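# below are the sequence and a predicted model; questions follow.
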Amino acid sequence: MTTSNVRTHYRSCNLCEAICGIEIRLRGDEIISIRGDKKDPFSKGHICPKAVALQDLQNDPDRLRKPVKKTPQGWQEISWSEAFRETAKKLRGIQAEFGRDSVGVYQGNPTVHNLDAMIFGVSFFRQLKTKNRYSATSVDQLPHHLAAILMFGHALRLPIPDIDRTDYMLIMGANPVVSNGSIMTAPNVKKRLKAIQSRGGQFITIDPRFTETSKIADRHLFIRPGTDALLLLAMVNYLFSNGLVDCGHLHEYVEQLEQIPALVKDYSPESVAEETGIPALDIKLLVKEFCAAEKAVLYARIGVSTHEFGSLVNWLVNLFNILTGNLDTKGGAMFTTPAIDLIGDKKPAGKKHARYHSRVSQYPETISEFPVAALAEEILTPGKGQIKAMIVAAGNPLLSTPNNTQLEKAFNSLEFVLSIDFYINETSRHADIILPPPSPLERSHYDLAFNHFAVRNYARYSHALFEKAKGSLSEAEIYLELAYLMAPGGFTEKAKAWAKLKFLKTFKAEGFLAKGIKKGPYAQPKSQNNRDLSFKQLAKLEHGIDLGPLQSRFPEGILTKNGKIQLAPKKFVADLARLQLKFPTEITDSLAAAKPREKHSFLLIGRRDPRTCNSWLHNSYRMVKGKNRCTALIHPADADSIGIVQGQAVKVTSRAGSLELEVAISNEIMPGVISIPHGWGHGKANTRLDIANQHAGVSANQLTDEKLVDVLSGNAVLNGVPVEVTRI
Ligand code: SF4
């Protein structure tokens, strides 16, 4: 608290994975500033331009405060009881007639940034017992989870770069300076990267685009989209052919090491130079530098997870860190020790992959979900198990998943759509009923998910800043009511138990947090971390608490059946044949020998900028104003060859669809590659016209193709999509 009528509230920003601490100053209920919280031990005052959009979300007149129903006369506000009654009647009727799988679920990316939705939403969706569960996970990160399941025994056992202690960081397909870190919660990542250089180390980027991160890197290498697996195989090959393999302290925890040399033998640096666009000498130098560094880490993210061989790449990234002795070591890739550990120490953790398959294309389930690439066909293909109704929670799949046009057609054919969202967006406009949850500032928060990916162990609980609006319901209340009304077979014992919780109003997310911390690694009496943390204490620490640097988690951190890291899981080994088919290996070592390409043929890659957060924030004028950022980036040589100049519009066409947008010509992108940012394409929803129409942009997912996936995981291909670019 400061002056008489100005008060200060501290919390974490939940808009992205960085979970920065923020300081919000208010006069009465009016927010007068949002700044970084200098006393937050993790983010130390850092914020990005997006944080102020929390205020825009809070005050947005377009934000729904009451349930609405679609009628021939337009959207009409209805009471909560009517909304629940109608929803339950429809969904129960559809499940009774067509079976449980006839109700599909899509959980959008904001779900994992929301405590209530993480706890109560997930329970409700499980209770529906539908196999048709989908989420944003299969848009961009399923390959990470698959590699973690098959190598370490649990989907969340994801190695995180120990960026604060490394001497050498190799970054593939990631732009953390703009994304603020992904599967690497690292507030102020720019400062952390520069700190590597200040302590005498270096970091290198590999990307088809000279990104904002590349601009501050020690070196950048361009790579042709979709060829990262070749590069990594060559790097592993070079380790073996030069006697550089040294698993260090991991030696006794790995198995199948002897299989690896045969798997990589055809992939010398020379043999992949042409396809990757990286000279063999550069590949060898990377490996030598990496091995020479005392502490080194290879980090790869979205650009390499979202192409045809995303799962192979994630396996090879882990393998490379292991073979160089850089897993579970200071400055390498480490596992976190969060205060609430969702993994626990169960052994074995269970396979959670391919226990069943999707009906039409036979995609494997991973972590109880099908890949979202299957969603449209599961709605459109008649037969037993066809999806007839959808529940979309905090998601906008009609913009953010592949082939928007096809998915829109699918949504138009549904019998019922429920949206749990506070915006009428491109997806929720297809809903019959929309149930609006409170705004981020009207909720308490603890980051259950991203503390598992943080580069330091850390915990912070945020109290709600505002009371939720009168007559509105929390997500806990929304999901508890739905769970009660949707209980299969009527009011079963389980439903009665839910009802009791609902009416007693005792079961809040905070109860879950208290139990989680008590069972976790920082609570007495079993704490090995010299702490005695309880939820009660945490709730009083308005700036959060630092729980120290990442720690070794071996051997108890390996959750495979035999407690050993699997270096050559059969699925990955078998998938090498698909890679070989696409990229037959021949030794050329000559970039000049690269195959000629048609002048209009390009490979599409994505892009994001500091003021976008997927499609979350495009109703905030501050986030979308200014010059057009939804442009197609192409190389000057390509612009010349198709006869276009800066600012001119082009038509981009793929198998899935086409769009038109302005070009930005730059030598910061490889020839033959076109980059279009994701998350745009607003303007169809019934929101304020000035924002929605003037800053709509186009959706890159009109071009991405639901038929083009990483076969092992079914993850969408968003990078390396073949497109044609022509002058309009
Ligand atoms: S980096 Fe992410 S968490 Fe930090 S202020 Fe920006 S949006 Fe919020």
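Yep, that arrived.
# if you look at stretch 533-546, does any of it touch the ligand?
No. Stretch 533-546 stays clear of the ligand (Cβ under 6 Å from any ligand atom), getting no nearer than 12.8 Å. In short, each C-beta sits where N, CA and C put it, glycine included.
# report the buried residues of that stretch.
For stretch 533-546, the neighbour count (16 or more other Cβ atoms under 10 Å) marks Leu533, Phe535, Leu538, Ala539, Glu542, His543, Gly544, Ile545 as buried.
# the residue lying closest to Ile387 once chain neighbours are set aside: how many residues sit nearby?
Nearest in space to Ile387, with sequence neighbours left out and distances taken as Cβ to Cβ, 6 or more residues apart in numbering, is Gly104 at 4.0 Å. Applying other Cβ atoms under 10 Å, we find 25 residues neighbouring Gly104.
# follow-up on the earlier one: so of the buried residues of stretch 533-546, which ones are in strands?
The strands, defined by DSSP state E, take in Ile545 from the buried residues of stretch 533-546.
# all the helices of the stretch 601-728 of the chain, residue numbers only.
621-624, 636-642, 689-694 (DSSP state H, counting those that start in this stretch).
# quick revisit: now do the contacts for the residue nearest to Ile387.
Contacts for Gly104 (Cβ atoms under 8 Å, 6 or more residues apart in numbering) come out as Thr130, Asn132, Arg133, Tyr134, Leu375, Glu378, Ile379, Ile387, Ala389, Met390, Ile391.
# do Val52 as well
Contacts of Val52 by Cβ under 8 Å, 6+ apart are Ile34, Arg622.
# where does the stretch 251-400 of the chain have low pLDDT?
Counting by pLDDT under 70, the stretch 251-400 of the chain shows low-confidence ranges at 345-350.
# that one: strands as residue ranges?
Assigned by DSSP state E, counting those that start in this stretch, the stretch 251-400 of the chain shows strands spanning 254-255, 296-300, 333-334, 353-357, 364-366, 389-393.
# same question, the stretch 451-600 of the chain
So, for the stretch 451-600 of the chain - with DSSP E, counting those that start in this stretch - the strands run 456-459, 461-462, 545-549, 565-566.
# just checking, what packs against the longest one?
Strand 545-549 sits against strand 456-459, with contacts defined as 3 or more Cβ pairs under 8 Å, 6 or more residues apart in numbering; DSSP states H and E.
# now for the closest residue to Pro437 other than its chain neighbours, how many residues are close by?
Once flanking residues are discounted, Pro437 sits nearest to Glu475: 4.7 Å by Cβ to Cβ, 6+ apart. Using other Cβ under 10 Å, Glu475 is surrounded by 25 other residues.
# give the contact list for Glu475.
Applying Cβ under 8 Å, 6+ apart, the residues contacting Glu475 are Asn114, Asp116, Ala117, Phe120, Gly121, Ile420, Pro437, Pro438, Arg443.
# same check, this time on Ala649
Glu660, Leu661, Glu662, Val663, Ile728.
# Arg192 too?
Ile163, Asp164, Ala186, Val455.
# and it, what element?
helix 189-198 (DSSP states H and E).
# for that helix, list the C-alpha coordinates in PDB.
The C-alpha trace of helix 189-198 is given here as PDB (Å, rounded to 0.1, in the frame of the first residue of the first chain):
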ATOM      1  CA  VAL A 189      15.200 -14.700 -21.200                       C
ATOM      2  CA  LYS A 190      17.100 -12.000 -23.100                       C
ATOM      3  CA  LYS A 191      19.100 -11.100 -20.000                       C
ATOM      4  CA  ARG A 192      19.600 -14.800 -19.200                       C
ATOM      5  CA  LEU A 193      21.000 -15.400 -22.700                       C
ATOM      6  CA  LYS A 194      23.300 -12.400 -22.500                       C
ATOM      7  CA  ALA A 195      24.500 -13.600 -19.100                       C
ATOM      8  CA  ILE A 196      25.800 -16.700 -20.900                       C
ATOM      9  CA  GLN A 197      28.000 -14.400 -23.000                       C
ATOM     10  CA  SER A 198      29.000 -12.300 -20.000                       C
END
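# between the contacts of Gly104, which is nearest the ligand?
Nearest to the ligand, judged by Cβ to the nearest ligand atom, of the contacts of Gly104 is Tyr134 at 24.9 Å.
# show me what counts as buried in the top helix by length along the chain.
Longest helix in the chain by number of residues (criterion: DSSP state H): helix 80-98. Of the residues in helix 80-98, Trp80, Ala83, Phe84, Glu86, Thr87, Ala88, Lys90, Leu91, Arg92, Ile94, Gln95, Phe98 count as buried by neighbour count, 16+ other Cβ under 10 Å.
# the contacts of Glu475 in strands, which ones?
Those of these lying in strands (DSSP E): Ile420.
# tell me who's in contact with His145.
Contacts of His145 (Cβ under 8 Å, 6+ apart): Thr137, Ala155, Leu156, Leu158, Thr366, Ile367, Ser713.
# go with 6 Å
If a contact means Cβ atoms under 6 Å, 6 or more residues apart in numbering, then His145 has Ala155 as its contacts.
# is it true that it lies in a strand?
No. Assessed with DSSP: H, G, I helix; E, B strand; the rest coil, His145 is helix; it does not lie in a strand.
# what lines up beside the helix or strand that the longest helix of the chain is followed by in the sheet?
Sequence order places strand 103-107 as the next helix or strand after helix 80-98, per DSSP H and E. According to DSSP bridges, strand 103-107 forms sheet pairs with strand 133-135 (parallel), strand 389-393 (parallel).
# so which residue of the stretch 351-500 of the chain comes closest to the ligand?
Closest point on the stretch 351-500 of the chain to the ligand, by Cβ to the nearest ligand atom, is Phe450, at 9.2 Å.
# didn't Arg655 look like it was pressed against Thr704?
No. Using Cβ atoms under 6 Å, Arg655 is not in contact with Thr704, being 9.9 Å away.
# tell me, how many neighbours does Gln127 end up with?
Residues near Gln127, counting by other Cβ under 10 Å: 18.
# for it, what are its contacts?
Counting by Cβ under 6 Å, 6+ apart, Gln127 has contacts Ala483.
# same question for the one 3 residues further on.
For Thr130, the contact set (Cβ under 6 Å, 6+ apart) comprises Arg100, Asp101, Val103.
# mind running it again at 10 Å?
Contact partners of Thr130, counting by Cβ atoms under 10 Å, 6 or more residues apart in numbering, are Gln95, Gly99, Arg100, Asp101, Ser102, Val103, Gly104, Val105, Gly385, Ile387, Ala389, Ile391.
# one more: Cys247?
Tyr253, Val254, Leu257, Ile322, Leu323, Thr324, Gly325, Asn326, Leu327, Ile565, Leu567.
# still on that earlier bit, just put the strands of the stretch 251-400 of the chain in CSV and tack on distance to Thr560.
As requested, the strands of the stretch 251-400 of the chain are exported to CSV (distance: least, Cβ to Cβ, whole Å):
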stretch, distance to Thr560
strand 254-255, 9
strand 296-300, 22
strand 333-334, 17
strand 353-357, 13
strand 364-366, 16
strand 389-393, 32
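# how about the ones you listed in TSV, adding mean neighbour count and distance to Val698?
As requested, the strands of the stretch 251-400 of the chain are exported to TSV (neighbours: other Cβ atoms under 10 Å; distance: least, Cβ to Cβ, whole Å):
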stretch	mean neighbour count	distance to Val698
strand 254-255	17	47
strand 296-300	27	28
strand 333-334	26	37
strand 353-357	14	34
strand 364-366	21	30
strand 389-393	26	22
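# which residues of the chain lie near the ligand?
Counting by Cβ under 6 Å from any ligand atom, the chain sits next to the ligand at Cys13, Leu15, Cys16, Ala18, Ile19, Cys20, Ile47, Cys48, Lys50, Ala51, Asn180, Pro187.
# related to what we said a few turns ago, find the residues that touch each one of Arg655 and Thr704.
The contact lists of Arg655 and Thr704 share Asn403, Val721, Val723, where a contact means Cβ under 10 Å, 6+ apart.
# of those - the most surrounded one?
Val721 (29 neighbours).
# find the nearest non-adjacent residue to it, please.
Nearest one to Val721, counting by Cβ to Cβ, 6+ apart, is Leu604 at 4.2 Å.
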